[in-house]
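[1] Just the structure for this:
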Amino acid sequence: IDQRAGDTNRTILSGDIDDDSTYWSLHVLSGRNLTGSVTMDGFRIEKGNANGVKYVVTDSNESINTYGAGGGIFLWECSSNFTIENCSFLFNTSSFREQVGNGAVSDHSGSCIYLTNGESLNLLDCVFKNNYGESIIFAQSNDFRLENLDFINNAGGVLDLFGDRSSQITVNSFRFLNNSDSRYNLFRVNSYGDISLSDCQFSGNAKCGIEFTATSIKISNSMFTNNGSQSDSVDSTILYLSSANEVDLTGLVFDSNFQNCIDLKYLSQDDTNYVSQKHYLTEPKFRISKSKFSYNKGHALNCEWSA
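    Here you go, the predicted model:
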């Protein structure tokens, strides 16, 4: 495996089964109720088009369009340990907006990867390029390890991860470049577990909205440059962090963005962690250090929490 010549000899799995893309395969790969460990290594997964309609009602009374999600890979109720590495995802699409039980809408489309109830998800050394969907990856799992990933020229939202209170989410060496039409969040994590993000680059995205909800959030050595557009509203923010009782931001660079840089809101009401507003930059529970803000249109930092 180590002797493979990159993408030159990569196996291609394609949903291109008709001259009309409307009739491409709903899912290039699919699995249901899988257990154990599953590894995919060295594939190019392309041209899945999840544009169908079939609703499945879940235990929580949520109606999911299983034919409108997971154009590349669709994994339904799979309590497995998944590893996907050295793969590329190109030209996969999924339907926008799914109806849920209470009449609201959900953006869980996952044009490249759609996973529910996974045990762990490891994404390593992969490229996601020219895909379209309300999210490129939608995943529910206990733990996540995401390393050395490129997200380039995708349209719509990109990454949507859901964990639980014990989740460990590790993100390292991401590149989000020139993604467009992000109507929602470019990168969203909702887990109430622990998030660690380091050595990432977010540049040239039409709207760079990164929303983390977790108990502990650590972000380091990452760059946010030339994101947003002249038309962005004052409410548009790059880094939105909520519900955390520990936030550690270090070695960040925000340069030439049209959006606000950082919002810290609704921090945990833990009596042992309250800090006064004038000390929020130095208090160990809420620390921002060695970071640079230059030539941004919006504010650098906004903090709100209940004392």
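
[2] dump the residue contacts of the residue nearest in space to the middle of the chain.
    By CA atoms, centre = their mean, the chain has its centre lying nearest to L159, at 2.0 Å. By CB atoms under 8 Å, 6 or more residues apart in numbering, the contact set of L159 is S135, I136, I137, F151, L186, F187, R188. All C-beta atoms are positioned from the backbone trio N, CA, C, and that covers glycine.

[3] What is the most widely separated pair among the residues you listed?
    Using CB to CB, those reach their maximum pairwise distance at F151 and R188, which is 13.4 Å.

[4] List the buried residues in stretch 70-84.
    Buried residues in stretch 70-84, counting neighbours by 16 or more other CB atoms under 10 Å, are found at 70-76, 78, 80-84.

[5] now whatever helix or strand F212 lives in, how far from the chain's geometric center?
    Using DSSP states H and E, F212 sits within strand 210-213. Centroid separation for strand 210-213 versus its chain: 9 Å, with CA atoms, centre = their mean, to the nearest Å.

[6] which other helices and strands contact that strand?
    Contact here means 3 or more CB pairs under 8 Å, 6 or more residues apart in numbering; DSSP states H and E; on that basis strand 210-213 packs against strand 187-190, strand 237-242.

[7] Just put those strands in a markdown table and tack on distance to T170, mean pLDDT and mean neighbour count.
    A markdown table is the format used below for those (distance: least, CB to CB, whole Å; pLDDT from 0 to 100; neighbours: other CB atoms under 10 Å):
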| stretch | distance to T170 | mean pLDDT | mean neighbour count |
| --- | --- | --- | --- |
| strand 187-190 | 11 | 90 | 22 |
| strand 237-242 | 17 | 92 | 22 |
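
[8] Could you export the ones you listed as JSON lines, including distance to K47?
    Below are the helices and strands packed on strand 210-213 laid out as JSON lines (distance: least, CB to CB, whole Å):
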{"stretch": "strand 187-190", "distance to K47": "25"}
{"stretch": "strand 237-242", "distance to K47": "32"}
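
[9] what about the stretch 101-250 of the chain, any weak spots by pLDDT?
    101-108, 165, 181-184, 233-234 (pLDDT under 70).

[10] neighbouring contacts of the strand holding F212?
    For strand 210-213, contacts defined as CB under 8 Å, 6+ apart pick out 185-192, 195, 202, 238-244.

[11] Next, the angle strand 237-242 makes with the helix or strand that it is followed by.
    Under the assignment DSSP H and E, the closest C-terminal helix or strand after strand 210-213 is strand 216-225. Between strand 216-225 and strand 237-242, the angle comes out at 180 degrees (axes from the mean of the first three to the mean of the last three CA atoms, to 10 degrees).
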